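S.K.: Could you look at this predicted model? Sequence included:
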Amino acid sequence: MTGTEGVSATDVIPGDLPTILLHDAVLQEFLAAAVPEYRLITPEAQLPCFALLLGTVADSTLNVEHLAFGRNAKTTDPAARREFTETIVPRFGPEYGNELRGWWFDSADLLRISYQAEAAGLDILGSIHMHPDWHRICPELAGGRALSEHPTPMDRHAFGSAGWPVNLICYLETRGGAVYHALGAWALPEGPDGPLVQVPLRVRTAVPAGGGAR
């Protein structure tokens, strides 16, 4: 969620669903931030990872070119504390009362990123955040469901409040001691009260030098 409403490129989504083009380097940058946090998650330390997506719009394509990280103001912003206490915890469950679970983008950081993006000829296209495999880490905090790259009811609420064109969910899961990831892209093309729909997502493939066909 954001601390400032309206600082986003909400007018760039076309009538038809766009295709999201995500550069592999952007995904790797997010994973480099998210995986260390994921590995530190415990029932007490429910660590999040969240970033903004910056890029350009061409026809029916959103080109995600950069990430922007900011501070989490969930426990310091009065509006955030009120939103979590009065709306989110009663509506979506007591697990969101944990001070570390959930995200409220610091309004000063959001404004700074917006100005910097505009100066660079970029738009704030949306967000990306991490879903951990809560059902493995701590089943009682999973809310009776296994998380994935699909949105939760809380995500649906946050996407509607933020109003960005697209929101990515990066699901992390441990299997056999290794961390795996899956991605989903989601949008509300008819506005915050409309249906939440999955958006086509394509990740640019980075081919190492000399890695052509044999």
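M.R.: Arrived safely, thanks for sending.

S.K.: For this protein, which residue occupies the most central location?
M.R.: In the chain, the C-alpha nearest the mean C-alpha coordinate belongs to I128, at 2.3 Å (C-alpha atoms, centre = their mean).

S.K.: now it: how far from E99?
M.R.: 22 Å (C-beta to C-beta, to the nearest Å). Where C-beta positions appear, they are placed from N, C-alpha and C, glycine not excepted.

S.K.: ditto for A185
M.R.: According to C-beta to C-beta, A185 stands 29 Å off from E99.

S.K.: Those two: which is more packed in?
M.R.: Counted by other C-beta atoms under 10 Å, A185 and E99 do not tie: A185 has more neighbours, with 25 against 12.

S.K.: partner strands of the helix or strand the more buried one falls within, parallel or antiparallel?
M.R.: According to DSSP states H and E, A185 maps onto strand 178-187. Note on strand 178-187: by DSSP bridges, its sheet partners are strand 166-175 (antiparallel), strand 197-198 (antiparallel).

S.K.: How far off centre is it?
M.R.: Put simply, strand 178-187 sits 10 Å off its chain's centre (C-alpha atoms, centre = their mean, to the nearest Å).

S.K.: Now do that strand: everything it contacts.
M.R.: Contact with strand 178-187 is made by 13, 17-18, 20, 22, 27, 31, 35, 38-39, 148-151, 155, 159, 165-174, 196-201, 203, as judged by C-beta atoms under 8 Å, 6 or more residues apart in numbering.

S.K.: Which elements pack onto the top helix by length along the chain?
M.R.: Taking DSSP state H as the criterion, the chain has its longest helix at helix 24-39. Applying 3 or more C-beta pairs under 8 Å, 6 or more residues apart in numbering; DSSP states H and E, we find helix 24-39 packed against strand 50-58, strand 61-68, strand 123-132, strand 166-175, strand 178-187.

S.K.: please redo it, this time with the cut-off set to 10 Å
M.R.: Counting contacts by 3 or more C-beta pairs under 10 Å, 6 or more residues apart in numbering; DSSP states H and E, helix 24-39 packs against strand 50-58, strand 61-68, strand 123-132, strand 166-175, strand 178-187, strand 201-203.

S.K.: Which residues in the fourth one does the neighbour count mark as buried?
M.R.: Which is strand 166-175. For strand 166-175, burial by neighbour count (16 or more other C-beta atoms under 10 Å) applies to 166-173.

S.K.: Repeat that for the second one.
M.R.: By 16+ other C-beta under 10 Å, the buried positions in strand 61-68 come out as 62-68.

S.K.: Quick one: mean pLDDT for it?
M.R.: The average pLDDT within strand 61-68 is 96.
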